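# structural data only, the sequence is not supplied:
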């Protein structure tokens with residue numbers, strides 16, 4: 001990798017570090033563009049597109065390089081370098097950088113992480129990430145990092161908490177909405193059950209299959225299905241009991257949320273669905289008939305990204 005002997009904007013002449021006029025103009029443009037609202041990435045991309053050399057034959061700029069230049073005090077005369085940028089411009093640029101970091105990457109409390117880590121994309125089932133930029137009118141945004149999806153929606157955490165609270169109140173008023181139909185359980189077999197069923201089918205297709213072996217495999221598969229049903233039945237009963245003993249909520253209740261909800265989806269219209277611990281999907285506009293037929297597959301691709 002090539003390295004510069006001196007910071008961009010400087011050169012050595014007759015044993016003395018002096019300003020490289022052409023490069024110094026680029027340095028000034030960088031500070032000016034940044035202070036006019038351009039982000040580090042856009043500044044770097046513009047320099048690359050315009051084929052501005054950083055080193056002889058090297059034209060690839062990146063945001064890390066621009067960031068280091070904005071932070072470099074030698075541009076205001078530190079370490080006996082001649083100044084290219086005045087001190088006021090340098091301070092404004094670095095104050096702007098620190099302000100952008102605070103605005104775009106807010107500290108999420110442990111309580112908020114409980115919520116934000118469970119939000120998934122309604123399009124692809126991957127996790128949605130949250131950021132805040134207080135300079136924008138719609139300051140909070142959820143976005144999917146899946147390159148094939150790129151879903152995003154503007155919604156504040158406070159708005160999401162209100163939507164969740166309304167759905168939890170629906171369940172408190174109607175605990176039967178959390179009921180999980182046996183047919184739904186059978187429609188989502190575990191990978192182990194799928195493997196066992198495939199093996200049974202493969203054995204049956206053979207010419208000289210072992211009847212006793214097949215019978216044992218069928219019994220083992222049935223036992224696994226029954227265990228899965230008992231597990232979901234137990235979770236469902238616990239959920240219904242949790243909602244039955246809860247009083248209507250006036251504010252978001254993180255304890256009830258954590259006990260009962262495994263994932264949240266937000267669609268492009270900011271409609272929210274909750275995926276309960278038994279995989280039942282609940283939305284705000286639900287009726288009892290809807291609850292009996294609600295899709296249980298939302299969020300199956302939910303990953304453990306953090």
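That came in fine, so what should we check first? As the structure is a prediction and not an experimental result, all values here were calculated from the model.
# CA only for contacts and neighbour counts going forward, please
OK.
# nearest residue to residue 257 other than its sequence neighbours?
In space, and not counting its chain neighbours, residue 257 is closest to residue 168: 7.9 Å by C-alpha to C-alpha, 6 or more residues apart in numbering.
# for the host helix or strand of the one you found, name the packing helices and strands.
Take DSSP states H and E as the rule and residue 168 turns out to sit in helix 157-173. On a contact count with 3 or more C-alpha pairs under 8 Å, 6 or more residues apart in numbering; DSSP states H and E, helix 157-173 meets helix 211-244, strand 272-276.
# mind listing what's buried along the first one?
Within helix 211-244, the residues that qualify as buried are 214, 217-218, 221, 224-225, 228-229, 232-233, 235-240, 242-243, counting by 16 or more other C-alpha atoms under 10 Å.
# the helices and strands packed on helix 157-173: which one's closest to residue 164?
Smallest distance to residue 164 across these (C-alpha to C-alpha): 7.5 Å, for strand 272-276.
# just checking, what packs against that closest one?
Checking 3+ C-alpha pairs under 8 Å, 6+ apart, strand 272-276 ends up next to helix 157-173, strand 261-266, strand 281-283.
# make a markdown table from the ones you listed and add mean pLDDT and mean neighbour count to it.
Below are these laid out as a markdown table (pLDDT from 0 to 100; neighbours: other C-alpha atoms under 10 Å):
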| stretch | mean pLDDT | mean neighbour count |
| --- | --- | --- |
| helix 157-173 | 94 | 19 |
| strand 261-266 | 94 | 23 |
| strand 281-283 | 92 | 25 |
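# thinking again about what came up before, mind telling me which of the helices and strands packed on helix 157-173 the model trusts least?
If you rank the helices and strands packed on helix 157-173 by mean pLDDT, helix 211-244 sits at the bottom with a mean of 80.
# okay, the angle between that one and strand 272-276?
120 degrees (axes from the mean of the first three to the mean of the last three C-alpha atoms, to 10 degrees).
# any idea how far apart the tips of stretch 56-66 sit?
Counting by C-alpha to C-alpha, to the nearest Å, you get 18 Å between the two ends of stretch 56-66.
# pLDDT below threshold where in the chain?
1-3, 102-111, 134-135, 181-190, 226-231, 286-306 (pLDDT under 70).
# residue boundaries of the helices in it?
Taking DSSP state H, the helices of the chain run over residues 21-35, 40-49, 63-71, 87-104, 110-116, 157-173, 182-187, 191-205, 211-244, 254-260, 288-293.
# thank you kindly, that will do.
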